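[1] Generate a structure from the sequence data that follows.
(2 chains)
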Amino acid sequence: MTDQKPISQEKIPSRGENYSEWYNQLILKSELADYAPVRGCMVVRPYGWALWENIQQALDRRFKATGHVNAAFPLFIPLSFLEKEKEHVKGFSPELAVVTIGGGEKLEEPLVVRPTSETIIGYMYSKWVKSYRDLPILINQWCNVVRWEMRTRMFLRTLEFYWQEGHTAHSTSAEAMEETRRILDIYTRFATDEAAVPVIPGRKSETEKFAGAVSSFTIEGMMGDTKALQSGTSHFLGQNFAKAFNIQFLNESNQLQNAWTTSWGLSTRFIGAIIMTHGDDQGLVMPPRLAPIQIVIVPIARSDEEKARVMPVVEQLRQALAEFRLKVDDRTEVTPGFKFNDWEMRGVPLRIEVGPKDVEKNVITVARRDMPGKAGKSTLGMDQLAPQIAGLLNEIQANMLAKATTFRDAHIHDPRSYDEFKQVVENGWALSWWCGSLECEAKIKEDTRATTRCLPLEQPAGAGHCIVCNQPAHEKAYFAKAY
RNA sequence: CGGAGCGUAGCUCAGCUUGGUUAGAGCACUUGGUUUGGGACCAAGACGUCGCAGGUUCAAAUCCUGUCGCUCCGACCA
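    Next up, the predicted model:
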């Protein structure tokens, strides 16, 4: 029989049956983003952008607190700039968008649409830096960049994306390295404290590091399908870009020196991390600290008479909870049941229901997004409401981090043999001794499609033997399939 | 860029094999009414250059060629 029920527009596939579809449809239906009429490009819709703005604020606050300032550099970069750093151009040339015509005329020199701004900022720094007294220079910019990717996915990899890129120059190697690590720490704390996304900070392997960097550092998060997502990166560039762009200064002893530079970025890809770390089969789950809407109030009233009793309470709540990002869903054309599902899909951390029964008892009903169904419902008295709600949101935030951490740790394995290694990276991560050789790394990738995610900063004591070749190894690395 | 699949109403799709009146359904949308504590119901209505461009034909959503886009799988990557 073909008596299948029509699928409501709000329903999304479960994560189990098709993780990719779950991800794509969730983004569209929750109105975070939509496809643009250009291949591989997306429109970040107001709900998605509100989330990004909260991410921006949380990061920007931390950057400013550590002495960084914001500025804006051009979108266009002379092609020759890219070519000045050998590794850099090698890494980026396949994915450049190049402008060859301007104002109807063929350009003297093609302009690339920035894939990242090390080169043009390096050029400017060389003009600005003359003396050790000009250092350090600590600039960040919030902007969009373009990389011509082959295979795109919303938020995770689009031709154009939004990010911040910090670029700093220092007089000593140690200071530049300190900066690189300071930012990695900011990213780590932002991810854990604000987004409730547990991440592992570590160093990238030689093959995985940024084109032109001496060393790259990353925060790696585990998504709901156990794949890894590089969620933010901080690079120690050594003197590579200083040499390419003549960022030189006279030190205290009147000697000409090359500066030491860093760069670091976190992009709208992080929205993908939030979606895939916390989302469940009902939809998004937003961490309270970043949620565009922290609380939604659903009034329940059948008749005008009930409305007259309920709505004043709703208004009272709106005022009492003014410190939160709050929305009152007063739509009359949909039922409360519909609204519950709708806001759950959009991931609002806390829902408040106010109906005649609540008004009568002088309480409100609250439902936690992190605990679906009856388990997350309770009633609250009206006194001291704001502190009660703040407490609940904190609890949700903490619970989300705990849940994600438990999930992650349950999928990190310490395989005994290479055979076991090959098995565990099918559905999780392996933390294994690695001799550091390119051969073993390449073999792993070929055998399993898992890549070296990072060499975690936190290393076990002692030494061991490489999981592949059994040679002595002094560092452990995370290996996983990655986005 | 290689392999596969898909483009018909806002969404999910039927129709295409075997060309033939005015291209359909469910959901969503609009209006009216009844509803509303976990995805309401009844009635009426509006919504289409069948992705785009060529070609074959008396006639193309349907057949052919090209092209663009999306999804999935590889190679590459924040």
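
[2] quick one: whichever residue of chain A sits closest to RNA strand B and residue A:319, what's the gap?
    For chain A and RNA strand B, the shortest gap (Cβ to the nearest atom of the strand) falls at residue A:355, measuring 2.1 Å. Heads up, the C-betas are built off the backbone N, CA and C, glycines and all. Between residue A:355 and residue A:319 the distance, using Cβ to Cβ, to the nearest Å, works out to 19 Å.

[3] Between these two, which has more neighbouring residues?
    residue A:355 (19 against 7; other Cβ atoms under 10 Å).

[4] From residue A:456, how far off is that one?
    In terms of Cβ to Cβ, residue A:355 sits 50 Å off from residue A:456.

[5] And residue A:342, by the same measure?
    Taken as Cβ to Cβ, the span from residue A:342 to residue A:456 is 40 Å.

[6] And residue A:398, by the same measure?
    24 Å.

[7] between these two, who's got more neighbours?
    residue A:456 (17 against 13).

[8] which helix is the longest one in chain A?
    Using DSSP state H to define each element, chain A has its longest helix at helix A:385-410.

[9] ok, then the element right after that one?
    Toward the C-terminal end, the helix or strand that comes next after helix A:385-410 (DSSP states H and E) is strand A:412-413.

[10] Strands of the stretch 351-483 of chain A, residue ranges please.
    Taking DSSP state E, counting those that start in this stretch to define them, one finds strands in the stretch 351-483 of chain A at A:363-368, A:377-381, A:412-413, A:429-434, A:451-456, A:464-465, A:472-473, A:475-480.

[11] doesn't residue A:332 fall inside a strand?
    No - Residue A:332: not assigned to a strand; according to DSSP: H, G, I helix; E, B strand; the rest coil it is coil.

[12] Report how many residues lie close to it.
    8.

[13] residues in contact with the nearest residue to residue A:70 once chain neighbours are set aside?
    Counting by Cβ to Cβ, 6 or more residues apart in numbering, residue A:70 lies nearest to residue A:140, which is 5.4 Å off, once chain neighbours are set aside. Residue A:140 makes contact with A:60, A:63, A:68, A:69, A:70, A:71, A:164, A:165, A:166, A:167 under the criterion Cβ atoms under 8 Å, 6 or more residues apart in numbering.

[14] By neighbours, which of the residues you listed wins?
    residue A:167 (28 neighbours).

[15] List the buried residues for the helix or strand hosting residue A:243?
    Using DSSP H and E, residue A:243 sits within helix A:240-245. Neighbour-count burial for helix A:240-245, with 16 or more other Cβ atoms under 10 Å as criterion, is recorded at A:240, A:241, A:242, A:244, A:245.

[16] So what's the residue count around the closest residue to the second one other than its chain neighbours?
    Once flanking residues are discounted, residue A:241 sits nearest to residue A:122: 4.6 Å by Cβ to Cβ, 6+ apart. Other residues within reach of residue A:122, judged by other Cβ under 10 Å, total 27.

[17] Repeat that for residue A:119.
    Neighbours of residue A:119 (other Cβ under 10 Å): 27.

[18] re the thing from before, residues in contact with the residue of chain A closest to RNA strand B?
    Neighbouring residues of residue A:355 by Cβ under 8 Å, 6+ apart: A:299, A:300, A:301, A:306, A:310, A:365.

[19] now swap in residue A:131 and tell me
    A:249, A:250.

[20] Tell me how far it lies from residue A:252.
    In terms of Cβ to Cβ, residue A:131 sits 10 Å off from residue A:252.

[21] so what pLDDT did the closest residue to residue A:151 other than its chain neighbours get?
    Using Cβ to Cβ, 6+ apart and skipping the chain neighbours, the partner closest in space to residue A:151 is residue A:157 (6.9 Å). Residue A:157 is assigned a predicted lDDT (pLDDT) of 92.

[22] what's the most centrally placed residue in chain A sitting at in phi/psi?
    What sits nearest the mean C-alpha location of chain A, by Cα atoms, centre = their mean, is residue A:270, with 1.5 Å. Note on residue A:270: backbone dihedrals following degrees, to the nearest 10 are phi -60, psi -30.

[23] That one is in contact with residue A:231, isn't it?
    Yes - counting by Cβ atoms under 8 Å, residue A:270 does reach residue A:231; the two are 5.6 Å apart.

[24] between the two, what contacts are shared?
    Shared contacts of residue A:270 and residue A:231 (Cβ under 8 Å, 6+ apart): A:191, A:197.

[25] What mean pLDDT does stretch A:312-324 get?
    Rounded mean pLDDT across stretch A:312-324 is 96.

[26] That stretch: which residues count as buried?
    Per 16+ other Cβ under 10 Å, stretch A:312-324 contains these buried residues: A:313, A:314, A:317, A:321, A:324.

[27] Can you name the residues in contact with stretch A:334-342?
    A:10, A:282, A:296, A:298, A:300, A:329, A:331, A:351, A:353, A:367.

[28] Could you tell me which residues of the stretch 351-483 of chain A lie near RNA strand B?
    Within reach of RNA strand B by Cβ under 7 Å from any atom of the strand, the stretch 351-483 of chain A has these residues: A:353-359, A:365, A:367, A:373, A:376-377, A:449, A:482-483.

[29] let's see it at 6 Å
    Contact residues, the stretch 351-483 of chain A versus RNA strand B (Cβ under 6 Å from any atom of the strand): A:353, A:355, A:356, A:357, A:358, A:365, A:367, A:449.

[30] Skipping adjacent residues, who's closest to residue A:325 in space?
    Going by Cβ to Cβ, 6+ apart, residue A:325 has residue A:294 as its nearest residue, at 4.5 Å.

[31] what residues are up against that neighbour?
    Applying Cβ under 8 Å, 6+ apart, the residues near residue A:294 are A:288, A:324, A:325, A:326, A:348, A:349, A:350, A:393.

[32] do residue A:445 as well
    Contacts of residue A:445 (Cβ under 8 Å, 6+ apart): residue A:451.

[33] For residue A:185, see how far away it is.
    Taking Cβ to Cβ, one finds residue A:445 at 29 Å from residue A:185.
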